[in-house]
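> sequence first, predicted model second:
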Amino acid sequence: MNLTSVRIITARVEELINFYEQVTGLTAVRYTPDFAEIKSKTATLAIGSTQTLQFFGGDLVAQPAYNRSVIIEFQVDDVQLHFGKLGAFLENCIVQEPTMMPWGNKSLLLRDPDGHLVNLFTPVSPEAIAKFNNN
């Protein structure tokens, strides 16, 4: 089994698409005004409006902007360089500037417009580099 996609349900589709396009440097594929995907080589981040909940049983299936336990993570080549390039765009999003983690990654922690935590990280220690080179 492979994890293929994570979907965020939101009432702010365009804001989230803009945020994730800016942060990842990837372009979203917009299938409808209510659904888009940002595809990387290893997984897809899907963004669906609250309207898409009708296909899954109704409005109570998921509540937008309600998560406080999941961190969406993106591996980047150089988190410090990425941080510098995004500059002012990140001003109101930063939870923690690039910081060395005990498990060997340098991480930048952000919040998207719905409040989801987003971690941009670069493996730095030999162990972390080896771990991600094996995937």
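Great, that's in hand.
> C-alpha only now, for contacts and for neighbours.
OK.
> report the longest helix in the chain, please.
For the chain, the helix that runs over the most residues, judged by DSSP state H, is helix 13-24.
> pull out the buried positions in that helix.
Neighbour-count burial for helix 13-24 flags 13, 14, 16, 17, 19, 20, 23, 24 (criterion: 16 or more other C-alpha atoms under 10 Å).
> starting at the chain centroid, how far to that helix?
Between the centre of helix 13-24 and the centre of its chain there are 9 Å (C-alpha atoms, centre = their mean, to the nearest Å).
> okay, the residue lying closest to residue 24 once chain neighbours are set aside: pLDDT?
Leaving aside its chain neighbours, residue 24 sits nearest to residue 74 (7.7 Å; criterion: C-alpha to C-alpha, 6 or more residues apart in numbering). Reading off the confidence values, residue 74 has pLDDT 95.
> residue 74: neighbouring residues, count only.
Residue 74 has 17 neighbouring residues, counting by other C-alpha atoms under 10 Å.
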